[in-house]
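>>> Okay, predicted coordinates and the sequence, questions at the end:
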Amino acid sequence: MPLVQIINNYPPIILLRPAIERITRLIANREKQRLNNITIIASDDATLNDLKIKYFNEDALTDTISFNYNEPGQPIEGEIYLSLERISENANLYRVSFTQELLTVIVHSLLHLFGYNDQNPRDKKQMFALQNFYLQCLPPQQLYRRRHKTPPTSNEQ
């Protein structure tokens, strides 16, 4: 079983496991974290909004939600939900490429799984410094591909 599993529930974009697994391993090694299994679910705004309401009692749009399932001191096991719609919107808002914003959100989400938080100013400053460090260290990666629409068959025309 692969270390990172990808569930592509957002039809226009397919996340690519090899690149995301390399990123995960690099950060885990630098953080001296052992890994068990991480599942990344590519989804949309509605799904993450539903999760935000259900688990955090907040009706808000977000680009990512991380769930850590391991006990302290055990290998990392968790799920990362990504709203590719929100990531695309934020890329436009921040005037960066979709790839750069996706990478930023993946690194941020992994740091949450590895125990970092951004709930208070001190923790947020530490987490964002570490996030920026990893973004500078990572080589360019092909993180996704766009799903090509198949042309209609002669029966569908």
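Nice, thanks for sending it over. Residues are numbered from 1 along each chain as shown.

>>> going forward, measure contacts between C-alpha atoms and count neighbours the same way
Fine.

>>> Centre-most residue in the protein?
Centroid-nearest residue in the chain, with Cα atoms, centre = their mean: Ile106, separated by 3.4 Å.

>>> dump the residue contacts of Ile102.
No Ile there; residue 102 is Leu. Shown in contact with Leu102 (Cα atoms under 8 Å, 6 or more residues apart in numbering): Leu84, Ile87, Leu143.

>>> May I see the buried residues of the helix or strand bottoming out on mean pLDDT in the chain?
Across the helices and strands of the chain, mean pLDDT, DSSP states H and E gives its lowest value to strand 144-146, namely a mean of 93. Across strand 144-146, burial judged by 16 or more other Cα atoms under 10 Å covers Tyr144.

>>> Spell out which strands sit alongside it in the sheet and which way each one runs.
Applying DSSP bridges, strand 144-146 is found paired with strand 13-15 (antiparallel).

>>> Give the next helix or strand downstream of the strand it pairs with.
helix 17-30 (DSSP states H and E).

>>> Quick check, pLDDT for Ile76.
You'll see Ile76 listed with a pLDDT of 95.

>>> Touching, it and Gln33? I think so.
Yes - with contact defined as Cα atoms under 8 Å, Ile76 counts as touching Gln33 (7.2 Å).
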